[in-house]
Each structure stands twice: as C-alpha cells, then as structure tokens.
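Visitor: Pasting the sequence and the predicted coordinates here, then a few questions.
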Amino acid sequence: MSKVYTIAVLVGSLRKDSINRKVALALAELAPANLKLNIVEIGDLPLYNEDIDGASPPAAYSTFRQQVSSSDAVLFVTPEYNRSVPAPLKNAIDVGSRPYGKSAWSGKPGAIISVSPGAIGGFGANHHLRQSLVFLDVWCMQQPEAYLGGAGSVFDDSGKVSEKTKPFLQAFIDAYGQWVEKQRG
C-alpha cells in the first residue's frame, strides 16, 4: 500500500457558507487514496506582529505553525479580493513564515485553486499567491492551473458539486496527488 500524505488545506474565505470552503470539501471527497485533506483554520490568527511573536507567541500562532509543519504538503483554495488574496490568507502565510529561518512552508509541495463567482476564476489571486510561494520555497504544481469561474452556480441546493464541475475538480486533485507523490515519494 502506498503512503497516505497529509495535506494542510487553507481556505482563503472565512464566510460560513463560503464557495471556497465548499470546493475544499468537495476536493477532500474526490481526493485519491494517497491524500488526506485537512482544513487548517486561519480565521482566529491574530494579525502578524513581530512584537507579540517572541519567546511566547500567541497559542494560535503555535498551533497553526504546528499544523502546517506536520503536514506533507499544502493546498490553497482562495477567492480573489482586489486582484490578490484575502487578508486572512496573507496573514496566515506571514504567520507560517516566521520566525525567520523556521518557515512552516519550506520544502512542501503545494497547489492553488482559485474560486470566484466572476468569469476569470480568481486569476489575479492565483498568480499573486504563486509569487509568495516561490519565496516561501513551496514547490507549487505548475500544471494543471486551476481557476474556477462562475463558482456561484457549481453547487446544488444540498451543497453537492455539479456533475458538470466534478470532472474538472477530479482532474485537478488527481494531478495534485501525483505531484505530491512525485515530490515526497
């Protein structure tokens, strides 16, 4: 039996009924057997401030860093806010990158899916996040790129992903499973 890789999933939207969270949950259901997706919550992280991140960092910082550090890989599911990622996701990236020299992100295989009700599927957020991941030494999957536009209509009333969208998500998560295996295996 092949190894099962633990994936830290960061959802950029904090809304209770977030489309991005629904996509993350759908990906968890569709994930190949070698991936176990776990959403790592980011909404309770205090804004990063080096003044409070000394010998006794906030418990939320320590818990978050441990969850990311102990994962085998990372997956980002993000909306686009003003052609970039939402502030809570950027904050989580900053918290995980500290203290200097002890980044929780370094050396992890990663992937991004941007999700938006708009037509271009969060293209700006996806590419802006990729820039940060290069600096953080996250080995970001290059292909397939994943932009889910018109995302307000991809779930039915019960919250299940549409049959039209399911093959797209399946292809993405299967490719990601192969990417993680290649980088970690």
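Guide: On my side now, so go ahead.
Visitor: Spell out the secondary structure type for the most centrally placed residue in the chain.
Guide: Centroid-nearest residue in the chain: Phe76, 1.5 Å away (criterion: C-alpha atoms, centre = their mean). The three-state assignment at Phe76 reads strand, by DSSP: H, G, I helix; E, B strand; the rest coil.
Visitor: so for the helix or strand Lys90 falls within, what's the average pLDDT?
Guide: Per DSSP states H and E, Lys90 falls inside helix 87-96. The average pLDDT within helix 87-96 is 98.
Visitor: got it, and stretch 123-142?
Guide: The model assigns stretch 123-142 a mean pLDDT of 96.
Visitor: ok, and what's touching it?
Guide: Here stretch 123-142 makes contact (C-beta atoms under 8 Å, 6 or more residues apart in numbering) with 12, 74, 76, 78-81, 83-85, 89-90, 93, 96-97, 103, 105-114, 116, 145-147, 175-176, 179, 183. Backbone N, C-alpha and C define where each C-beta goes, glycine included.
Visitor: Mark which of those residues are buried, thanks.
Guide: 12, 74, 76, 78-81, 84-85, 89-90, 93, 96-97, 103, 105, 108-114, 116, 145-147, 175-176, 179, 183 (16 or more other C-beta atoms under 10 Å).
Visitor: List the ones among those residues that fall in helices.
Guide: Secondary structure from DSSP state H places Leu89, Lys90, Ile93, Gly96, Ala175, Tyr176, Trp179, Gln183 of these in helices.
Visitor: List the contacts of Tyr48.
Guide: Counting by C-beta under 8 Å, 6+ apart, Tyr48 makes contact with Asn91, Asp94, Val95, Arg98.
Visitor: Can you check the residues you listed and name whichever has the most neighbours?
Guide: Highest neighbour count within these: Val95, with 24 neighbours (other C-beta atoms under 10 Å).
Visitor: In the chain, mark out all the strands, start to finish.
Guide: Along the chain, counting by DSSP state E, strands occupy 5-11, 35-39, 73-78, 109-115, 139-140, 146-148.
Visitor: Next, count neighbours for Val11.
Guide: Using other C-beta under 10 Å, Val11 has 29 other residues around it.
Visitor: and it, what does it touch?
Guide: Counted by C-beta under 8 Å, 6+ apart, Val11 has contacts Ser18, Asn20, Arg21, Ala24, Ile39, Ile42, Val77, Thr78.
Visitor: what about the second one, how many residues close to it?
Guide: Other residues lying near Asn20 total 26 when counted by other C-beta under 10 Å.
Visitor: now do the first one
Guide: Number of residues near Ser18 (other C-beta under 10 Å) recorded here: 17.
Visitor: now the one 5 residues further on
Guide: Taking other C-beta under 10 Å as the criterion, the count of residues near Val23 is 27.
Visitor: Which residue, other than its chain neighbours, is closest to it?
Guide: Leaving aside its sequence neighbours, Val23 sits nearest to Val115 (C-beta to C-beta, 6 or more residues apart in numbering; 5.0 Å).
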